[in-house]
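Novice: sequence below, structure please.
(2 chains)
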Amino acid sequence: MVIVPILALGFGIDIRYAIGASLVSVIATSSGAAAAYVREGFSNIRIGMFLEIATTVGALVGASLAARLSTSLIAIVFGVVLVYSAFLSARMPHDPPPDEALDRFATRLRLDGSYPTPGGSQAYHVRGVPTAFGLMFVAGSLSGLLGIGSGAVKVLAMDRAMRIPFKVATATSNFMIGVTAAASAGVYLNRGYVDPGLVMPVMLGVLLGSTLGARVLLNARTRVLRLVFAAVVLALALEMIFNGATGRL
Amino acid sequence: MARRWTDQRIEQVVGGLLRTGVAVAAAVVLAGGVLFLVRHGAEQPHYGVFHGEPSDLRSVRGIVADVASGRARGLIQLGLLLLVATPVARVVFSVAGFALEHDRTYVWITLAVLAVLLFSLAGGHL
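Specialist: This is a model prediction of the structure:
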């Protein structure tokens, strides 16, 4: 999510090349982390696959839109999305209490599941399927338009609208991010946004960083990290909006 | 087949395959990257102005032709294509997985997702 602002603001790279490099890196982290998430047994592939219909179509719309909008406008939209993401990541997650409310779609599509807890397997119910489906279309469009994973919006949709446990939401979101990004990747590749000389160091660096980061962060104080990250993202967001509004990007 | 196919077991198999796919893609990108830096490392890049990639780096066929003629940029691009293929492979394996579970609804849902992905990779846009 911070790749595009860093490349565009820090290195003066055209935002279209930056978006192409970012999108490819998103796929690298999603597929690379898949095995780790699966081992913990949290992701719900039925929820993921059903909502993928909305995100992949959204991604196609977003990626097609990216070619028609001016780079200044894309920079401003990017900045606004970053501000919102900074706000979301500064907030603490919450697990809703399990309840018995049933959703017609959730029952028909068999979306309810269970996840491992220290006290044994815990079942959960899914609600708000139509709302989540709509939010996922938005998440997919933003992903295609801006070359980001839009994990924050995906988690929001599953956490707040579907009311599934936070860990299930983040794991399922990771699964969905890669598939959503693949839908935009085809469009980006065909439009010449993916430059091998630029993407090569970005992709290898992101893979290395996420591999090392997963080990270091196990013992880190996440509350402080969250706030530092939110502050950095907020600063980048304001600079993106300023540069977009003054026509420098 | 002693064990029954469940969502969880399918995910375990697919998770391992994905990690292998990412490792292979990274190795190809790295090999292409080393070759690229040896040949063009001293050149000044111009990413500040958008030109778009040359047509041979925009399609699967062009990239394969580039690799065959030993071009470093083509090799990196092939690695990136392999990376993009990993989530697509995940969807393909899920189709097979739901078929093994005899879950027809989800076979169709997964096929719909796969169709959108293939449409995009074939050069389609809206």
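Novice: contacts, neighbours, all on C-alpha from now
Specialist: Noted.
Novice: where does chain A have low pLDDT?
Specialist: A:92-101, A:214-222 (pLDDT under 70).
Novice: go again using 80 as the cut-off
Specialist: A:1, A:34-41, A:88-102, A:117, A:210-226, A:249 (pLDDT under 80).
Novice: now chain B
Specialist: In chain B, residues with pLDDT under 80: B:1-12, B:14, B:123-126.
Novice: biggest helix in chain B, by residue count?
Specialist: helix B:7-40 (DSSP state H).
Novice: who are the packing partners of that helix?
Specialist: helix A:15-40, helix A:196-216, helix B:72-100 (3 or more Cα pairs under 8 Å, 6 or more residues apart in numbering or on different chains; DSSP states H and E).
Novice: next, count neighbours for residue 123.
Specialist: Answering for chain A, as no chain was given. 14 (other Cα atoms under 10 Å in any protein chain shown).
Novice: the intended chain is chain B.
Specialist: Considering only other Cα under 10 Å, B:G123 is surrounded by 16 other residues.
Novice: cool, A:S210 as well?
Specialist: Neighbours of A:S210 (other Cα under 10 Å): 15.
Novice: give the next helix or strand downstream of the longest helix of chain B.
Specialist: helix B:60-68 (DSSP states H and E).
Novice: and that next one, does that touch chain A?
Specialist: No - Helix B:60-68 is not in contact with chain A by Cα under 8 Å from any Cα of the partner chain; minimum separation 9.4 Å.
Novice: let me see the contact set for A:F133.
Specialist: A:51, A:54 (Cα atoms under 8 Å, 6 or more residues apart in numbering or on different chains).
Novice: and the angle from the helix or strand containing it to helix A:15-40?
Specialist: Here A:F133 is covered by helix A:129-146, with elements defined by DSSP H and E. Helix A:129-146 runs at 140 degrees relative to helix A:15-40, counting by axes from the mean of the first three to the mean of the last three Cα atoms, to 10 degrees.
Novice: show me what counts as buried in helix A:129-146.
Specialist: A:129, A:132-133, A:135-146 (16 or more other Cα atoms under 10 Å in any protein chain shown).
Novice: same question, stretch A:61-79
Specialist: Applying 16+ other Cα under 10 Å to stretch A:61-79 flags A:61-66, A:71-79 as buried.
Novice: try stretch B:24-42
Specialist: B:25-26, B:28-30, B:32-33, B:35-36.
Novice: what sits against the residue most central in space within chain B?
Specialist: By Cα atoms, centre = their mean, chain B has its centre lying nearest to B:A85, at 2.1 Å. B:A85 is in contact with A:A182, counting by Cα under 8 Å, 6+ apart.
Novice: what about it, distance to A:A185?
Specialist: 10 Å (Cα to Cα, to the nearest Å).
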